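Asks: sharing a sequence plus its predicted fold:
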Amino acid sequence: MTKLSVNINKFATIRNSRGGNNPDVVKAAVDAQRFGADGVTVHPRPDERHIRYKDVFEIKKIITTEFNIEGNCQEQKFIDLVLAVKPEQVTLVPDALGQITSNHGWDTIRHMDYLKKIIPIFKNVGIRVSIFVDPVVPMISAAAETGTDRIELYTESYANKFRINREEAIRPYVNAAKKAKEMGLGVNAGHDLDLENLKYFFEHIPGLDEVSIGHALICDALYLGYENAVQLYKRQLKPGNK
């Protein structure tokens, strides 16, 4: 079964725009699980412009599914947070300070030595590690050498090309996922997956373990309702569903 992890950063963005606690980010995590999500994802950044570090501790208290914390492991504050919270999974993303959103994966060849040093810090306390990568086969092969448990395929390129030529858009991701499975790695995916392109991606990626979706799902929730949106995304991840 491919799991759906709901990224709730956008709830925090709306809350922070006005101050106070509306919408309640912890309730958004509770409800994501209640509505059928298999996990909750947060991506705290050093400036805390959406998810705050305090939020992460509060969400940990109510998690009944899987907790995935994404972020820049080159920030000591992020490392300390993850080690204190001990989520089921940490996803390491090569963000720059102040970056609006993640826009590339790790160069696992260039940063091999660094990744080999940082990954055991999390694995040694029982946290599963996933690293953000582009769908490039040599990068997948090198990822396996870092000691990571999983990769997360960065899917913006797929989403951008999907409407033009879906067969061409999916091809590098199929090749990357096959290589990952050959190397014994789990496969996650995320970024710009939505109700239009998710099912095709799911149907063509072998052994897809998890998708992490936030922006599109929350946008759909504005029109369709939060519970309905979660259920619609879950439906895309069911084999044979029309």
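Replies: Looks like it arrived, so ask away. Residues are numbered from 1 along each chain as shown.

Asks: for residue 46, phi and psi?
Replies: Main-chain torsions, residue 46, degrees, to the nearest 10: phi -60, psi -30.

Asks: just give me the neighbour total for the residue nearest to it when sequence neighbours are not counted.
Replies: The spatial neighbour of residue 46 that comes closest, neighbours along the chain excluded (C-beta to C-beta, 6 or more residues apart in numbering), is residue 75 at 5.6 Å. All C-beta spots, glycine's among them, are computed from the backbone N, C-alpha and C. Using other C-beta atoms under 10 Å, residue 75 has 15 neighbouring residues.

Asks: and for the one 3 residues further on?
Replies: Burial measure for residue 78: 23 neighbouring residues, criterion other C-beta under 10 Å.

Asks: quick check: it is in a helix.
Replies: Yes: Residue 78 forms part of a helix when assessed by DSSP: H, G, I helix; E, B strand; the rest coil.

Asks: who's in contact with it?
Replies: Residue 78 is in contact with 44, 46, 71, 72, counting by C-beta atoms under 8 Å, 6 or more residues apart in numbering.

Asks: show me where this protein has its helices.
Replies: Remark: helices assigned in the chain by DSSP state H are 9-18, 25-34, 53-62, 76-85, 112-123, 137-146, 156-162, 166-182, 198-204, 215-224, 226-236.

Asks: residue 129 is nearest to which of the ones you listed?
Replies: Proximity to residue 129, assessed across these by C-beta to C-beta, is greatest for helix 112-123 (5.1 Å).

Asks: and which of the contacts of residue 78 is nearest residue 56?
Replies: Set against residue 56, the nearest of the contacts of residue 78 by C-beta to C-beta is residue 44 (5.9 Å).

Asks: which residue is the nearest non-sequential neighbour of residue 158?
Replies: Nearest in space to residue 158, with sequence neighbours left out and distances taken as C-beta to C-beta, 6+ apart, is residue 169 at 4.9 Å.

Asks: OK, contacts around that neighbour?
Replies: 157, 158, 160, 161, 162.

Asks: can you add distance to residue 110, pLDDT and neighbour count and give these back as JSON lines?
Replies: Below are those laid out as JSON lines (distance: C-beta to C-beta, whole Å; pLDDT from 0 to 100; neighbours: other C-beta atoms under 10 Å):
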{"residue": "157", "distance to residue 110": "20", "pLDDT": "95", "neighbour count": "16"}
{"residue": "158", "distance to residue 110": "23", "pLDDT": "98", "neighbour count": "25"}
{"residue": "160", "distance to residue 110": "25", "pLDDT": "96", "neighbour count": "12"}
{"residue": "161", "distance to residue 110": "26", "pLDDT": "98", "neighbour count": "17"}
{"residue": "162", "distance to residue 110": "29", "pLDDT": "98", "neighbour count": "21"}
